[in-house]
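Enquirer: Just the structure for this:
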Amino acid sequence: MKNLPKDSRSQEIGRLAARALGIKLPKSWIETPLAGDTDFGIDYTIQLKSKENFVNYSFYLQLKGTTVPSYSVDKNYISHDFDVATLNNYYQQEPLVMVAVVDLSENEDNLSDCPIYYFGLEDEWFSANEEKLEKQKSISIKIPTQNILNPSLNVFNYYANRIAEKIAVAELKKKIQIPNKTIVESIELFTEAIIDKPILLKLIELKSEAPWIDNPKGEVTTDLKYCSDLLENNRVLEAKKILDNLEEKKCSFTNHELAEFYYQKANISSYEGFFDNAENLYKLSYEKSHKERYQLAYLQSKFKLDSMPSKAELEEIVNTLDDGNFVKCLIKAKSLALLKKPLEALNFLKQKYPNEITAQMGICTIGELYQELDEIIDKNINLNFASERKSYDFYSLAARRYFHKSSNQTGIFGKTLPLDGLANYDIEGMKLSYELLERAWDSAKKIGYPSDVVMLMDISPLIYGYFNKLDELIRLLDIILIERPYNKEIIRPYIRILFNSQNYKKTINLIERLEGLDILDADECGIKILSYSYLEQYKQCLDSINKYESILINSGKDNIPVIFCNGIEIAEAMFNKDLVEKYENIVKKLPEGEAFLAIQKFVTASNNDRNRRNEFAQDLYKTYLELGKPLVIAEQLLPYLDPHEFGTAQQIIELAEQILNVRELRKKRYLDLAQAFLTTGRWKDAEKLAEKNINKGIAISKWKLVQALALKKQGKVGMAYNIMREAIKEDDTDQLNQKIYINLCFSLGFIEEAIDILENNLVKIQDINEKIYIIRSLIEIYVKNPNYISKLKIAILKYGDLVDQNNVQQEGDYLQLCMLYTPFENDKQIEYYQERSNRYFENFPDSTILRRGNVDVESGVENFLASLKKLTGVTPELEEQWESNKQKLRSRELPVPFFMRGNFLQNTRDVYTTWMLSKCCKEEETEYKITHSPQIETKVFFRLVESSNIILIEETSLLILNELNVLDFFLKNLPKFSILDSVFKRINLTTHNYISPNSQISGAILRAIQNNIEKLSLIDDSGDNFFKYDCISESEDGLLLTDDLYLNILMKQHNSNILSANVFNVLDYLFCKNIISEKKFFEKIVDCFSLGILSFNIQFDFLSKLINYYLGRGNIESYEDTNFKYVFDRLLAQANSFKDKLNIFINMFNSVNIANLSPEILLSLISKLLEYNPTLDPQDVLNTWLIYCGIQREIRIDADNLLSNLHQELWFKYKQVVEFLNEIPYKNEFLLEEVVKNINNKVKSLAFANLKASFVKGSGEYQYLESVSEDF
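Expert: Down below sits the predicted model:
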């Protein structure tokens, strides 16, 4: 039958293969056939049993039968085709895939004799055949004929090991996964790393319990890595040795190892400064391995300080280099910047790597994008960087930028700058640059001084040199040169530093290193020659000049004449006339040759005859003028001039100013210039110079001394004292500083602050004059403090041992101290004192220090007084003059300022005595009183306090403000104040004179001044001027605070630009500034009227404030019940005429709130006024008061009431008082008639206008006044 199923041959072979498998199937296999195509075989899932019959594992078996087997020639393999799709499917499902082939060719009918060959397809097989498995439908598998399947076959252990491997791999996958990468990506990277660095497998073999990897010793890669580590720690010489050892076996290196070898050699060349050689080595490295590490290093090496890639190379980099990583982008950005496309470069880098700020800074620096660079620096200057390398880059570039800004961009354009810098540098910017540079060097140290540390070498000498800190830089460079002894990029600037620091031996040593490299330039030749000269190795000096002669002459350098002049001097000394003539001819042909020859002549003459050096210096100065002031002579001449002599000091200033146009001065020369300013009285210039050098941090102690002296000379003793107090704390404070500080302490009254220094110096000082000075100073201190009484006595006796007994001043001083403090401990000392006293009076009978005289105590009072007067120098003529002065002072014929009264009166030794007398003298003794100076307007006083060049406080104001206990408050709130030097000395001397009855007064004033000492300026009044205050410049603007009218008048005659104010201005100022309360304010005003002041000058608005405060309150019936009594009574008493008294009474109401005053108070005031004119009717006083008080007030017509409220208020008060006075009510018209009678013709229009303003227009009163005013 044709339509029945038909069995194919392939199916039959498949069944036969399955039957054969059933016969030979191992016992431990449990087979499960899989559905599918059975042509030539069947697929199975096989489960494996252990010996214990546990079913553990499974795998796939693809069985095939064949009647035409394909054996290899040697019968070791049988090959058969298998379906690729099935194999791939099974492989992706994890279990092992096994193939088996049944050879049915010879025993098809006897299946037990048919061999079955098997083969497990491991991962390695699938990897090896990956391409075939992807492209082919079937694959031929070679199966070893030794793999025969039989019932005893046991693959359980084999399979168990395979599964254990897979579990281990799974664990490995967990451990090696890289963050932000998939496990597949991680495994791929791990695989690439092993392929790239096979040493990783060797590292794994090393067993170590440490939590790090140890490189296997003896391996090439280990040595290369060690070399890299050494370089990172600045151990260049050791790294070089390692590479030298590897050189011998480099033929056995892999290409990768060889690339790294050349890479490390290139790094060493970079560290040594051989950048061209480094570039060649980087190129070799890249040729051996095209890895990015070597490619990018080669590209980077093309960017050198002294040469950059060509335009074509830069364009090729930009066009061919991809953006794959940061370094590539950076190289690309550099190239763009060098192609004059800096903004494009910066934007490109910002877009790709916005957080790489140091790279952006580098592009800004290359492309001169200074605004963008400044913005980056300002934004990130306080940033904590992720790595020390980033810190190094930032601080290096930021320091460079601040230097260029501070030097006005001078350093950018290749101009040679002096190590000391230029005078126009911005100091604050330079300080910041120095601070950043220090941080850069610190970071450089931490990262092993990288090869690009040379980029610090151009600015470091200039910045460290400017701040006189080259020693710090020398220490850094010495460390680097230990490992890089031939790095010319470091040696070249270092040579200049060493030469500048006078380290000539080391200078020569480094120059010879450069000479060995055959790279010596003219500057270095000259430095070597001069170094030999300074070392007094004159033969080598001449030999070097001869050796380098052509180099020097052809260089065109400005300093070449110096070298040949030096040769002239040496040749002359060695009697080599021909050489002298030769060098002279050379110098004459060089620029400024005459100037250099003049210098050489001066130096030779000075060395031959040092006693005439000043004469020779003046000759050179004349030559300097004749030759048009060449700079080279100015520089040479400056150290030879004496800054203490006025004439040469002026020359120093002239020369220094010329040099400063070109460069800064050296430290010693700056000190000479400062002394020259002090010598010539240019105090302000000396102060500025000191400020500059203190700001630079150079020799701070010395410059603080200069600053203090300059300030003291300008009268700013308070500031000078504070500066010296700081300077005295410095470790390097010298004896001169201490002495000046002690003098300032004494001059400013800070006596006890000097005690520790004085006592300490007393131990170490040997000079007798210094000891005398110290002991006398200590005596001054001991006198003031009872705790030092025992020290005082010992000091006086010691002082007596040291003083010169033949010196009238010293011996008299000692004897006087003995008289005052009796320091003697026994009779022998007393006898010795008496002997010295007798001898002193014999030798110095007219001494002004101590004089002996006879007083007649037995011949009556008159003779006693006569003898006493004779002893004290008082003559009848002098007494007559005193009496005349007294009468003239009382009559005001002799307008002598208060502080000078002691020169005119008998009973006043000084201003303090006069002050004490002024407070307790009789009314008629006006010679002791202060005639009061005017008060100025409040707003004017406030303006003067804030803006005046000078605020001068005179003694009367010091005394009054001290008496009121407001002096300290006032000085604290002043921006500055000045006092005459003689006034301050008088305060100081009086305070520290323990026998003075006025020491407490002067002491309180002194303490207030000391509390504000930094604001004090003393004005020198040491000239012959008798008035003293005319020492103020006639053109000076300012404020004079004085309560002395006579001094004020004299001051105005001398300088009308100086405005004066009195104590009331001060009190008003303190009150307005909320420094004293309202209560204290008015109390202090009242207290003034108890002082010894005549003709008080107080503005009427001030009096109005007093009236409002004291009399404007309720429940007061009489002014005498208030403190205003002391003011009003005193003012009336001092007014000369009744008219003056009436004027005071009327005007003091100009801004009083009239409504608050009761009739009783007003009448009590009028009653007091009428004590001086009892016949005057009070009504007339009130009428006059109304008229003038109305005139004092501005008319302001109220829109609602149609009158002036102030004038209406005044009228009501007037009417109220009149009615209270007469106890009768009055009509307005009646009272107006009385008032009109008192109107003065001079003020009639104003008077009527003010009266009419009190009433509504159209009212009866208004119409009356209008009609009367027309007829008046």
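Enquirer: Low-confidence stretches in the stretch 1151-1272 of the chain?
Expert: Along the stretch 1151-1272 of the chain, the model assigns pLDDT under 70 to residues 1271-1272.
Enquirer: all helices of the stretch 501-650 of the chain, in order?
Expert: Taking DSSP state H, counting those that start in this stretch as the criterion, the stretch 501-650 of the chain contains helices spanning 504-516, 522-534, 538-555, 560-573, 577-589, 593-608, 613-626, 631-637, 646-660.
Enquirer: can you check the stretch 801-950 of the chain too?
Expert: Per DSSP H, counting those that start in this stretch, the stretch 801-950 of the chain carries helices over the ranges 808-821, 827-843, 860-872, 876-890, 911-920, 938-947.
Enquirer: list the helices and strands the longest one packs on?
Expert: This points to helix 827-843. Helix 827-843 sits against helix 808-821, with contacts defined as 3 or more Cβ pairs under 8 Å, 6 or more residues apart in numbering; DSSP states H and E. C-beta: built from backbone N, CA, C; applies to glycine.
Enquirer: relative to helix 827-843, how tilted is the helix it packs on?
Expert: Put simply, helix 808-821 runs at 140 degrees to helix 827-843, going by axes from the mean of the first three to the mean of the last three Cα atoms, to 10 degrees.
Enquirer: List the buried residues in helix 808-821.
Expert: Residues 808, 810-815, 817-818, 821 are the ones in helix 808-821 that count as buried (16 or more other Cβ atoms under 10 Å).
Enquirer: now stretch 759-771
Expert: By neighbour count with 16+ other Cβ under 10 Å, stretch 759-771 contains the buried residues 761-762, 771.
Enquirer: Please apply the same query to stretch 614-632.
Expert: Buried residues in stretch 614-632, counting neighbours by 16+ other Cβ under 10 Å, are found at 616-618, 620-621, 623-624, 630-632.
Enquirer: Contact partners for residue 426?
Expert: Listed by Cβ atoms under 8 Å, 6 or more residues apart in numbering, the contact set of residue 426 reads 405-406.
Enquirer: and if we set it to 7 Å?
Expert: If you count contacts by Cβ atoms under 7 Å, 6 or more residues apart in numbering, residue 426 has them with residue 406.
Enquirer: ok, now how distant is it from residue 574?
Expert: As judged by Cβ to Cβ, to the nearest Å, residue 426 and residue 574 stand 49 Å apart.
Enquirer: burial measure for residue 272, as a count.
Expert: Residues near residue 272, counting by other Cβ atoms under 10 Å, number 21.
Enquirer: Test for you: state the pLDDT assigned to it.
Expert: Residue 272 carries a pLDDT value of 91.
Enquirer: what do you get for residue 864?
Expert: You'll see residue 864 listed with a pLDDT of 52.
Enquirer: And residue 150, by the same measure?
Expert: The per-residue pLDDT reported for residue 150 equals 89.
Enquirer: could I get the buried residues of stretch 614-632 as TSV with pLDDT and distance to residue 1219?
Expert: Below are the buried residues of stretch 614-632 laid out as TSV (pLDDT from 0 to 100; distance: Cβ to Cβ, whole Å):
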residue	pLDDT	distance to residue 1219
616	91	103
617	91	98
618	94	97
620	92	100
621	93	95
623	93	102
624	92	97
630	92	99
631	91	96
632	90	100
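Enquirer: for the residues you listed, which one is nearest residue 1202?
Expert: Lowest distance from residue 1202 to the buried residues of stretch 614-632 (Cβ to Cβ) belongs to residue 631, with 86.1 Å.
Enquirer: these two touch, right, the closest one and residue 662?
Expert: Yes - contact between residue 631 and residue 662 holds when scored by Cβ atoms under 7 Å: they sit 6.2 Å apart.
Enquirer: mind checking which helix or strand residue 124 is in?
Expert: Secondary structure assigned from DSSP states H and E places residue 124 in helix 123-128.
Enquirer: mind checking how far that helix is from the chain centre?
Expert: Offset of helix 123-128 from its chain centre (Cα atoms, centre = their mean, to the nearest Å): 72 Å.
Enquirer: In it, which residues are buried?
Expert: For helix 123-128, the buried set under the neighbour-count rule, 16+ other Cβ under 10 Å, comprises residue 125.
Enquirer: As CSV, the helices of the stretch 501-650 of the chain with distance to residue 75 would be great.
Expert: Formatted as CSV, the helices of the stretch 501-650 of the chain follow (distance: least, Cβ to Cβ, whole Å):
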stretch, distance to residue 75
helix 504-516, 77
helix 522-534, 86
helix 538-555, 89
helix 560-573, 97
helix 577-589, 102
helix 593-608, 106
helix 613-626, 114
helix 631-637, 105
helix 646-660, 105
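Enquirer: Fine by me, we can end here.
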